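Peer 1: Predicted model, plus sequence, below.
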Amino acid sequence: MPGLLLGDAFPNFEAETTVGHIKFHDFLGDAWGILFSHPRDYTPVCTTELGRAARLCSEFTKRGVKMIALSIDSLESHHGWSKDILAYNSVESGSCSLPFPIIADSKRELAVSLGMLDPDERDKDGMPLTARCVFVIGPDKRLKLSLLYPATTGRNFDEILRVVESLQLTAGRRVATPVDWQPGDNVMVPPSMSEEEAASLFPSGVFTKDLPSGKKYLRYTPQP
């Protein structure tokens, strides 16, 4: 099945959305982007996901990220479903608007071209459901991260926000983020960097965790 690899140029597709016709690269402009897909409109897990995404959208916006969803139904269906999502959110958080567009992909052309189909889950007509994909696209229009969940498993949008913060930090600084990293935590100095260069780049200091092997590869520094 066609798909994308990290570092690939993300296709500049055209699509009809709940806010009108878009050309994807023009929609993103100079921003980061998140494209996330859904198996179908009016499905329970998707409704909770879109509700959570809507509640977090302002946090993504603060970080220069534009969000856009995809579901394999019509615009008419999307507009109707959006009302349910807003009603769900009114109970959860008082939100009164859906702050990102939803792409209509009723022929599954975009889902197929981006490798979004889940071969193990099928709809009532026997067609493969669209998997729960997450694509994070950088300002250079290249794929920076890809997450692929089965249609049956809902995503954690707080984790997606955390990942975006790591991607943005490491894009601008020569550091890596360790397991369970949160913004403000210590970051790691890459093994390829010499002690002298690390001392020059990180004036707050570099400290190394002692290990039985004696190798000094776990090097940390305060987040720059």
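Peer 2: Arrived safely, thanks for sending.

Peer 1: count of residues packed around residue 202?
Peer 2: 20 (other C-beta atoms under 10 Å). All C-beta atoms are positioned from the backbone trio N, CA, C, and that covers glycine.

Peer 1: List the residues that contact it.
Peer 2: By C-beta atoms under 8 Å, 6 or more residues apart in numbering, residue 202 lies in contact with 189, 221, 222, 224.

Peer 1: Name the member of these that has the highest neighbour count.
Peer 2: For the contacts of residue 202, neighbours tallied by other C-beta under 10 Å; top is residue 189, 24 neighbours.

Peer 1: any idea how far residue 50 lies from residue 157?
Peer 2: Distance of residue 50 to residue 157, given as C-beta to C-beta, to the nearest Å: 10 Å.

Peer 1: before we move on, the earlier item: which member of the contacts of residue 202 is positioned nearest residue 61?
Peer 2: Of all the contacts of residue 202, residue 61 sits closest to residue 224, with 23.8 Å by C-beta to C-beta.

Peer 1: Three-state assignment for residue 16, please.
Peer 2: strand (DSSP: H, G, I helix; E, B strand; the rest coil).

Peer 1: thought it was touching residue 101?
Peer 2: No. At 9.6 Å, residue 16 and residue 101 do not qualify as touching, with contact defined as C-beta atoms under 8 Å.

Peer 1: For those two, list the residues in contact with both.
Peer 2: If you check residue 16 and residue 101 against C-beta under 8 Å, 6+ apart, no residue is contacted by both.

Peer 1: Over to residue 195: give its phi and psi.
Peer 2: Main-chain torsions, residue 195, degrees, to the nearest 10: phi -60, psi -40.
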